[in-house]
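In: Could you look at this predicted model? Sequence included:
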Amino acid sequence: MPLNQNQQQQAQNWLNQHGSNFNCEVCNSNNWQVGDIIAPPVMDSSGNVNIGGQTVPMLQVICGNCASIRFFAAVPMGIIESNQ
């Protein structure tokens, strides 16, 4: 899900307030860009993908140098609301 301008600003503010001064584990750069929100499927206890089940929406934070991606939980960040 692409972020609107308000959500992008919320994400950047949250990262700034919570120590976004971290270097990339791949290239050691500190050039991060806010990406989209994704919601990957969750696997059940038997290892099967649970399509349509509960998921954890995650914000992509992408290294502007090497394209490595980190993920942050979008609901606790306040970028989106929980549907539960």
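Out: Done, it's in.
In: Report the contact partners of the residue positioned nearest the centre of the chain.
Out: Closest to where the C-alpha atoms of the chain average out (Cα atoms, centre = their mean) is Leu59, at 1.7 Å. The contact partners of Leu59, taken as Cβ atoms under 8 Å, 6 or more residues apart in numbering, are 11, 34-37, 71-74, 77, 79. For every residue, glycine as well, the C-beta is placed using N, CA and C.
In: can you list the weak-confidence ranges in the chain?
Out: Scanning the chain with the threshold set as pLDDT under 70 gives 20, 83-84.
In: Most distant residue from the centre of it?
Out: For the chain, the residue at maximal distance from the C-alpha centroid (Cα atoms, centre = their mean) is Ser46, at 26.2 Å.
In: what does the helix ranked longest in the chain contact?
Out: Using DSSP state H, we find that the single longest helix of the chain is helix 5-17. With Cβ under 8 Å, 6+ apart as the test, helix 5-17 has contacts from 3, 32, 34, 59, 61, 72, 77-80.
In: Now, these that are in strands?
Out: Those of those mapping onto strands are 32, 34, 59, 61, 72, per DSSP state E.
In: Dump those residues to CSV, plus distance to Gly19.
Out: As requested, the ones in strands among the contacts of helix 5-17 are arranged in CSV below (distance: Cβ to Cβ, whole Å):
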residue, distance to Gly19
Trp32, 12
Val34, 15
Leu59, 15
Val61, 12
Phe72, 11
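In: out of these, who has the most neighbours?
Out: Using other Cβ atoms under 10 Å as the neighbour test, those are led by Leu59, with 25 neighbours.
In: Kindly state the beta-bridge partners for that one.
Out: Beta bridges link Leu59 to Ile37, Phe72, judged by DSSP bridges.
In: Would you mind measuring from it to Pro40?
Out: In this view, Leu59 and Pro40 are 13 Å apart by Cβ to Cβ, to the nearest Å.
In: Unless I'm misreading it, Leu66 sits right up against Asn30, doesn't it?
Out: Residue 66: Cys, not Leu. No - counting by Cβ atoms under 8 Å, Cys66 does not reach Asn30; the two are 11.9 Å apart.
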